[in-house]
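[1] Sequence plus predicted model, see below.
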Amino acid sequence: MELIRIENVQKTYKNGVVALYDFNLTIKKGEFVFVIGASGSGKSTLIKMLYREEKPEKGSIIIGGINVAKLKNRKVYILRRKIGVVFQDFKLLPKLTVFENVAFALELFGYDKQSIQRRVIEVLDLVGLKNKIRQYPDQLSGGEQQRVVIARAIANNPKLLICDEPTGNLDPDTSMEIMHVLENINRLGTTIIMATHDREIVNKLQKRVILIEQGRLKKDFEKGTYYNERY
């Protein structure tokens, strides 16, 4: 069953750069998809469109039945309730503890205190940080901070988790630890789309790989590596 359908999408920036052209892609529920491509290929534009930071001037982007391309700004929150986003820079609130950082996301969605308490402990346990709930971001390693970000992103039990270079600031060993966390989340049913330049991760995990080149879908490998047949 499909979760995402992208049809005939085109995006041109004000400076005339065509970021995506006649772009088509379908992603099923429960998939784990790597999005790769050189800087300027359109990879980041695609990711931003999925969580509606950018809009196409042509085409449609359907996520869980919502046409993101047509979504009015005042209704973006409807989409954001269905997805989680993990960025390269952690974007944690420095004056809040680990527990409070995750709880804050649920408070915004209107969860009651009892539900927040239960869910925060649940997701922090899933990412291996149940014993760090009272610590502050600056007391954590980079890998631990990224785990908090992931916990926060999945706290609302989203159907889709979008990861934009989540291991970009981490060393190789820590990066693989983060990938194991994401694999566990994927096994529980969450669809994951991850933009990355990390060849080692892509080659090791052998997931579906989407290659974007000059704004177009160049290759789509069901179980691929960063250099399938040298593209």
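    Received, thanks. Numbering: from 1, shown residues only.

[2] Are we agreed that Ile212 is in a strand?
    Yes - under DSSP: H, G, I helix; E, B strand; the rest coil, Ile212 sits within a strand.

[3] Can you check what pLDDT the model gives the most centrally placed residue in the chain?
    Among the residues of the chain, the one closest to the centroid is Ile162, at 1.4 Å (CA atoms, centre = their mean). We note a pLDDT of 97 for Ile162 in this prediction.

[4] how would you label it: helix, strand or coil?
    strand.

[5] how long is stretch 144-163 end to end?
    Taking CA to CA, to the nearest Å, stretch 144-163 runs 16 Å from one end to the other.

[6] and what of stretch 206-226?
    In stretch 206-226, first residue to last residue: 9 Å (CA to CA).

[7] which parts of it are buried?
    Buried residues in stretch 206-226, counted by 16 or more other CB atoms under 10 Å: 207-212, 215-217, 221, 224-226. Heads up, the C-betas are built off the backbone N, CA and C, glycines and all.

[8] Show residues contacting it.
    11, 18-25, 31-38, 41-43, 46, 199, 202-203, 228, 231 (CB atoms under 8 Å, 6 or more residues apart in numbering).

[9] Counting neighbours, which of those residues end up buried?
    Among the contacts of stretch 206-226, those classed as buried by 16+ other CB under 10 Å are 11, 19-21, 23, 25, 31-37, 41-43, 46, 202.

[10] now what about the helix or strand of the chain with the lowest mean pLDDT, what contacts it?
    Lowest by mean pLDDT, DSSP states H and E among the helices and strands of the chain is helix 76-80, with a mean of 87. Here helix 76-80 makes contact (CB under 8 Å, 6+ apart) with 51-52, 63, 66, 68, 71.
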